[in-house]
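Just the structure for this:
(one chain, ligands or ions: 1)
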Amino acid sequence: MELGLRGKTALVAAASSGLGYAVALRLAAEGARVAICARSEERITRAAERIRRETGASVLPVVADLTRRGDVERFVEAARRELGPVSILVTNTGGPPSGPPLSFSDDDWEAAFQLVFYSALRLIRSVLPDMEERGWGRVVALTSISVKQPIDTLVLSNATRSALTALMKTLSTVYASRGITFNTVAPGPIATSRMEQLIQAAVSREGLSPEEALSRWIGDIPMGRLGKPEELADLVAFLCSERAGFITGATIPVDGGAVKGLF
Ligand code: NAD
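Residues are numbered from 1 along each chain as shown. Next comes the predicted model:
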């Protein structure tokens, strides 16, 4: 299937590893020019080199901390200057810490909203003028199945990603007639360093062995395994494509069947 991504400029946030990296690689393989960011210069430069080597695409690495407003603006400006007006935005960031739901201070909550919600809001605000001017745009937010089925130990994720989902749904309606779609992709447990951190946190907090912590996550997945980052990236690439023009305001899980609800 021809996705129609060739020559389009895409921004993928938090893409030195894991889900963001897999999405950037897939978009680049489809012929998009891709700008990626993360906080570490060494890691983001290495990620860009790998994507260029594998795909031959133009890839712009930018050092940016998504919790800083100025860094977000600099990321978008650099992409626009080096690669052209932005048509595709994939929001993503690191995950907030896990723990018992009432163990977090106001500062922890503030930090989680800055990390998950405000980073995406600021990215969206910065790229929308390019999309409106062309009457074409794709925004995909990577969230979590916690927006459909809250996870007891991840209240900061449950709450901040639900707020982001509400923002995306609102924008999907307001911009529907202007050729710009807004969809969220909600991963279940997928094998990345974030999963390793969550397993390690359960080991330290509850005294489980790493195998026990892993099997607890996998036990909730009907397919009986963790997902692969590429399995999420394929869906994101489709949602960013010409082919997905009639899909907006959706929240689609990639979770091996882990969410048990009907919607
Ligand atoms: P990961 O740890 O492999 O990658 C996270 C990426 O975010 C890295 O590139 C890191 O450098 C970057 N990053 C972190 N904080 C940043 C900041 N302040 N500014 C810029 N870049 C920053 O994790 P992942 O599995 O790819 O997860 C991506 C997102 O998806 C996270 O928010 C995670 O909580 C969420 N998620 C992951 C899973 C899963 O099972 N992997 C499931 C549900 C939700």
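
how close does S17 sit to K260?
Look at S17 and K260: by CB to CB, to the nearest Å, they are 30 Å apart. (Glycine included, C-beta is placed from N, CA and C.)

Neighbour count: the two, which is higher?
Between S17 and K260, S17 has the larger neighbour count (other CB atoms under 10 Å), namely 18 against 9.

What is the burial count for the residue lying closest to that one once chain neighbours are set aside?
Leaving aside its sequence neighbours, S17 sits nearest to S193 (CB to CB, 6 or more residues apart in numbering; 5.9 Å). When neighbours are defined as other CB under 10 Å, S193 has 10 of them.

show me what contacts G257?
221-223 (CB atoms under 8 Å, 6 or more residues apart in numbering).

Pull out the buried members of the residues you listed.
Neighbour counting by 16 or more other CB atoms under 10 Å classes I221 among the contacts of G257 as buried.

So which of the contacts of G257 reach the ligand?
Among these, none lies close to the ligand by the criterion of CB under 6 Å from any ligand atom.

Please identify which of the contacts of G257 is nearest to the ligand.
I221 (10.6 Å; CB to the nearest ligand atom).

Flag every buried residue along whatever helix or strand R53 lives in.
Assigned by DSSP states H and E, R53 belongs to helix 41-55. Neighbour-count burial for helix 41-55 flags 43-44, 47-48, 51, 55 (criterion: 16+ other CB under 10 Å).

quick one on the thing from earlier: I figured the residue nearest to S17 hits G20, correct?
No - S193 lies out of contact with G20 (CB atoms under 8 Å); the separation is 11.4 Å.

Show me what from the stretch 151-263 of the chain comes close to the ligand.
With the criterion set to CB under 6 Å from any ligand atom, the stretch 151-263 of the chain comes near the ligand through 187, 189-190, 192-195.
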